[in-house]
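[1] Task: produce atomic coordinates for the following.
(chains A, B, C and D)
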Amino acid sequence: MSGFAAVLRKDLRLELRSGESTLALLALSMLVLVVLVFALGAARVRSVDAAAGALWVAMVFAGMLGANRALLAERDNGAIRGLLLSPLDPSTLYAAKLCAALIFMAVAEVGAVILMVLFFNLDFDASMARLAPILALGAVGFSALATLLSAITGRTRGGDMLLPILAVPIFVPALIAGVKASAAALAGAPFESMGDWLKIMIAFDVLFVSAGYLLFEHVVGGD
Amino acid sequence: MSAPVVETRSLAKAYGLAPVLREVQLRLLAGTGAFIVGGNGAGKSTLLRILAGLEAPSAGHALVFGQDTRRLAARYRRRIGLMAHQSFLYPNLTARENLEFYGELYSLADPRASAHQWLGRVGLADAADIRVRAFSRGMEQRLSAARAMLAEPALLLLDEPFASLDHDGAEIVAALIRGAIERGACVLATTHGIPEIDGVELAVFEISRGRLMQHARKEEVRRGGRIRSLLGR
Amino acid sequence: MNNPTIRNWLGFSTLALMLASLFMVFDYVPPDAEMGIAQLIFYFHVPLAWVAFASFGLVAIAGIFYLWLGDQLWDDLGYAAAETGMVFCTLMIVAGSIWAKPIWGTWWTWDSRLTMTFILWLMYGGYLMLRASADDTPQVARFGAVIGIVAALDVPIVIVSVRMWRTIHPAVLVTKQGTHGLEDPRMIWTLMVCLAAFTALWAWLLMLRFTQLRTRSRMGRLSSRIAFATAAASDPK
Amino acid sequence: MGAHFGYLFAAYSIIFIVIFLYVMFIWRRQAALDAELRTLEARMAALAERSAAGGPTEPQSEA
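    Just a heads-up that it's a prediction; the model follows:
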């Protein structure tokens, strides 16, 4: 378990030092929201459906960028080989990378939610509290998937392009559930009414965290 | 007589259609040092990577501590130190932070003290809190050596340990290699020229056309190397 | 499995079954009273769906076996299944779309089944793009196996989520949905023959491609052995 | 009823054309594979000839 803490601490320290990933994630989230505001037009900007959709588009794009960057740091000087050579378990490495990705994504999401409220003329009220667990579930699922897949795409030609092509279709169920639940939350619906959507997201998270944990050793290392 | 630390049986490796290593038979015991010489691309680094378990052989077997390197359990990986062309260091961490991080990965009793000690041994105590990205190539090489030896591995694999080191740096690394052999580790290193390390008997191998050959006399290799370089390798 | 006799036998039975199914669709079976002649597309659409899903299932099974046993055979099987699955899935979507135009009045609607199929198509399209963008190394084979497994794990969640997505929103079109009342026994017979024909076609194509990939893997190993032998032969004495 | 015949015809022809194209694709891959096999055979023949002419060239082990 000390390996897990060491890798996570090292990733956070690197991030605090440069702030590159989180800043890039925030900037990208903001740009996506701005583009969607213009694309949707002023008339639809007040709708919670549009706001929820925009938030999730921002999240998917930011998450992709974050996942690409997270493994980039390990590629400098071939540090990933140093990690694979150490007694560290690949599964533990996956868990640590997942946690780091999750923390960066959470920070970027807080920023994205604030921008969404401003851009889409919403209010900071109780709906934000209901939005938080939905976004957290979405971030877990996406980080789990993207951490696994970026280990694949990072080692193939044109991998940066391949990551969205592989990740987005697989993420669809969590995306559908997340957008629907977020829209309901923003519209002020009670928590119980979105139970089914939350169940889908929980199922997705459990499945992909365990799949990543078990399969990660096959995508890093060797040859 | 204890079992060999390194043993390869008819080891072969090819990238695509290009054979890099052929029929490599190597046996190294604990407390011995061996150097492999050979031109660029002769397969020296490939052999070290296979022994470290980072690459799989195309044919034959590579055994380290009696274990197949294709699936080395954590407790065997722990006893291997690899110093490769790439330093495995994080440019945005300081020298001390890099060593402490690897110390934690290898679950050393006191990563902080070990890092401090090794920084002193490789003569980087003054540069401990400088980020590695600001290091010169020679400093990075010394830190890379410290990183490889940090956990006192029983098998030390060094790829061009003297590359881009000045005289002092080479002395330091040579002393570390001697120290490792004296404490009973097995050291396998690659070099371009034949190294001299005072007080240590080194076996010398040469890789030529993918084959590993042992040389009793160092002069022979030196002459062979000169002839090959005259022919344009 | 690699026996050419079986392959030829499969090829001929595919041909015979295909001709039989064409005859049954165009001459034997009565067209649906409500949907008219375009309903006949259904007899090929359903078998296409079956073989496409079977292929994708096979990709996941082959992936599990590859990661477990590490035998190149399983990777070749998974790759062949993904490719044939993609061909049949594309055809299913195209045929379904052509069926939807006269019956539903639109080429495409975000109906739950259509959406689910489309997502599957995207997933395995990604798998094939990954394979196309890289050389065939054991590493890429493992990548393919992992993606095949992950995609298959995702399918149940996709089905549930897409179904909920569509039931909560009212359908844009009032459609005469999936439940086809095959009241005439001739319809059932026709569907059975078509299913058999496409299963045979699938098995034949899969076998062709699989055998080919097997040959290619074996040749790769052989040429590397020849390279070693050539190098050994030119060694100085 | 006959009005929809165009759709039916389109669907069936597309299915058969695509399957035919896929078979063609397999066929062409096979041709490439056969060509590769011939070069391999040529290399093997050359190797056999050389070893017949130059005496035994079995790899010797050393070290």
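[2] so how many other residues sit close to the closest residue to residue C:14 other than its chain neighbours?
    Take residue C:14 and drop its neighbours on the chain: the residue closest to it by CB to CB, 6 or more residues apart in numbering or on different chains is residue C:200, 4.3 Å away. For every residue, glycine as well, the C-beta is placed using N, CA and C. Residues lying near residue C:200 (other CB atoms under 10 Å in any protein chain shown) number 20.
[3] Same question for the one 10 residues further on.
    Residue neighbour count, defined by other CB under 10 Å, stands at 22 for residue C:210.
[4] My guess is it contacts residue C:78. True?
    No. Residue C:210 lies out of contact with residue C:78 (CB atoms under 8 Å); the separation is 9.6 Å.
[5] Residue B:124 is in contact with residue B:142, correct?
    Yes. At 6.1 Å, residue B:142 counts as touching residue B:124 under the criterion of CB under 8 Å.
[6] between those two, who's got more neighbours?
    Ranked by neighbour count (other CB under 10 Å), residue B:142 and residue B:124 place residue B:142 first, with 28 against 21.
[7] do the helix or strand containing the more buried one and chain A meet?
    Assigned by DSSP states H and E, residue B:142 belongs to helix B:137-149. Yes. Residues of helix B:137-149 are located near chain A by CB under 8 Å from any CB of the partner chain, namely residue B:147.
[8] Going by neighbour count, which residues in that helix are buried?
    B:139, B:140, B:141, B:142, B:143, B:144, B:145, B:146, B:147, B:148, B:149 (16 or more other CB atoms under 10 Å in any protein chain shown).
[9] nearest residue to the fifth one other than its sequence neighbours?
    The one in question is residue B:143. The nearest residue in space to residue B:143 (CB to CB, 6+ apart) is residue B:95, at 5.4 Å.
[10] ok, the one you found touching residue B:129?
    Yes. Residue B:95 lies in contact with residue B:129 (CB under 8 Å); the separation is 7.5 Å.
[11] In terms of neighbours, single out the busier of those two.
    Ranked by neighbour count (other CB under 10 Å), residue B:95 and residue B:129 place residue B:95 first, with 29 against 10.
[12] Report all helices and strands that the lengthiest helix in chain B contacts.
    Using DSSP state H, we find that the single longest helix of chain B is helix B:167-182. Packing partners of helix B:167-182 (3 or more CB pairs under 8 Å, 6 or more residues apart in numbering or on different chains; DSSP states H and E): helix B:137-149, strand B:155-159, strand B:186-191.
[13] quick check: angle from it to strand B:155-159?
    On the basis of axes from the mean of the first three to the mean of the last three CA atoms, to 10 degrees, helix B:167-182 is oriented at 150 degrees to strand B:155-159.
[14] residues from chain B in reach of chain D?
    B:10, B:22, B:23, B:25, B:26, B:205, B:211, B:212, B:213, B:214.
[15] my guess is the fourth one contacts residue B:8, does it?
    Yes. With contacts counted by CB under 8 Å, residue B:25 reaches residue B:8, the gap being 6.2 Å.
[16] Which of the two has more residues huddled nearby?
    For the pair residue B:25 and residue B:8, the greater number of neighbours falls to residue B:8 (26 against 16), based on other CB under 10 Å.
[17] For the residue nearest to residue C:14, what are phi and psi?
    In terms of degrees, to the nearest 10, the main-chain angles of residue C:200 are phi -60, psi -40.
[18] ok, now how distant is it from chain A?
    Separation of residue C:200 from chain A (CB to the nearest CB, to the nearest Å): 30 Å.
[19] how about the helices in the chain?
    As the question left the chain open, I've gone with chain A. Using DSSP H, helices in chain A cover A:2-18, A:20-40, A:48-75, A:79-85, A:90-119, A:126-153, A:159-186, A:195-219.
[20] I was thinking of chain D, sorry if that wasn't clear
    D:5-53.
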